[in-house]
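Colleague: no sequence on this one, just coordinates:
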């Protein structure tokens, strides 16, 4: 159910497309060493993460088997929709604490060390985080199957790949209101003081609007 491995060829194709667009526009959003470092860190996070994720999965499975309050039908589409939304809610808090608490920032900072903002930045993931899985344990208590969490977690991360680009302007207003987009995620990676600690959502930007951490990308304040 780990769909990220299957998505890797698509990631590489999209990076090549962005490279061509970048070359044609001469926008210079790529540095060779920076991009290679991001890809290397992504590869490390997948390889080293096998051990870490196995342990996290095991703990989640034990909590699920011992304390699950409900039993959901894994074949129900409504269960999958609920799981996808619930996972993103937990991701919001995991991501937010990754910025607001030093113990989590110590690993998450790797994702923010790139000097450029392009699709390879999405691959720049940490290999050292472990404790962040505690933010997803409530899903085990609710009764969401571990395999379901692996699947929706993979889809969540795959979605986040495409928002790491400067080549997509703002989306239609309804989409910007509901979902994470390249525009509002550029804000998240920006160094401008006005943008700091904003837009933590993975798929839905609604959590940021709800918990007062949303900020739009402003024309008068380029990221």
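Modeller: Thanks, I have it. Since the model is a prediction, treat every value here as computed from it, not as a measurement.
Colleague: quick one: low-confidence ranges for this structure?
Modeller: Residues of the chain meeting the criterion pLDDT under 70: 1-2, 46-49, 127-128.
Colleague: could you pull out the helices for this protein?
Modeller: Counting by DSSP state H, the chain has helices at residues 4-25, 32-67, 77-100, 102-108, 119-123, 137-142, 146-161, 173-178, 182-189, 206-210.
Colleague: And those helices: which comes nearest residue 167?
Modeller: Residue 167 lies closest, by Cβ to Cβ, to one member of those: helix 4-25, at 5.4 Å. In this view, the C-beta of every residue, glycine as well, is placed from N, C-alpha and C.
Colleague: Please render the helices of the chain as TSV that adds mean neighbour count and distance to residue 218 to the earlier fields.
Modeller: TSV is the format used below for these (neighbours: other Cβ atoms under 10 Å; distance: least, Cβ to Cβ, whole Å):
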stretch	mean neighbour count	distance to residue 218
helix 4-25	14	22
helix 32-67	15	26
helix 77-100	18	20
helix 102-108	14	25
helix 119-123	24	21
helix 137-142	18	35
helix 146-161	19	22
helix 173-178	12	13
helix 182-189	21	9
helix 206-210	18	16
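Colleague: So which of the ones you listed is nearest residue 195?
Modeller: helix 182-189 (4.8 Å).
Colleague: what comes into contact with that closest one?
Modeller: Helix 182-189 is contacted by residues 112, 117, 121, 160, 162-171, 176, 195, 198-200, 205, 208, 214-217, 223 when judged by Cβ atoms under 8 Å, 6 or more residues apart in numbering.
Colleague: one step back: may I see the helices of the chain organised as CSV, with distance to residue 129 added?
Modeller: Below are the helices of the chain laid out as CSV (distance: least, Cβ to Cβ, whole Å):
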stretch, distance to residue 129
helix 4-25, 15
helix 32-67, 8
helix 77-100, 8
helix 102-108, 4
helix 119-123, 15
helix 137-142, 15
helix 146-161, 13
helix 173-178, 28
helix 182-189, 18
helix 206-210, 20
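Colleague: I'd like to know how far residue 89 sits from residue 118.
Modeller: 28 Å (Cβ to Cβ, to the nearest Å).
Colleague: Over to residue 27?
Modeller: Distance of residue 27 to residue 118, given as Cβ to Cβ: 10 Å.
Colleague: So for those two, which sits in the more crowded spot?
Modeller: Neighbours per residue (other Cβ atoms under 10 Å) separate residue 27 from residue 118, with residue 118 holding more: 22 against 12.
Colleague: The closest residue to that one other than its chain neighbours: how many residues sit nearby?
Modeller: Nearest non-adjacent residue to residue 118, counting by Cβ to Cβ, 6 or more residues apart in numbering: residue 29, 4.8 Å away. Close neighbours of residue 29, defined as other Cβ under 10 Å, add up to 20.
Colleague: these two touch, right, residue 29 and residue 114?
Modeller: No: using Cβ atoms under 8 Å, residue 29 is not in contact with residue 114, being 10.6 Å away.
Colleague: about what we covered before: OK, contacts around the residue nearest to residue 118?
Modeller: The contact partners of residue 29, by Cβ under 8 Å, 6+ apart, come to 18, 22, 116-118, 165-167.
Colleague: circling back to that earlier point, list buried residues within the contacts of helix 182-189.
Modeller: The neighbour count (16 or more other Cβ atoms under 10 Å) marks 117, 121, 160, 162-166, 176, 195, 198-200, 205, 208, 214-215, 217, 223 as buried among the contacts of helix 182-189.
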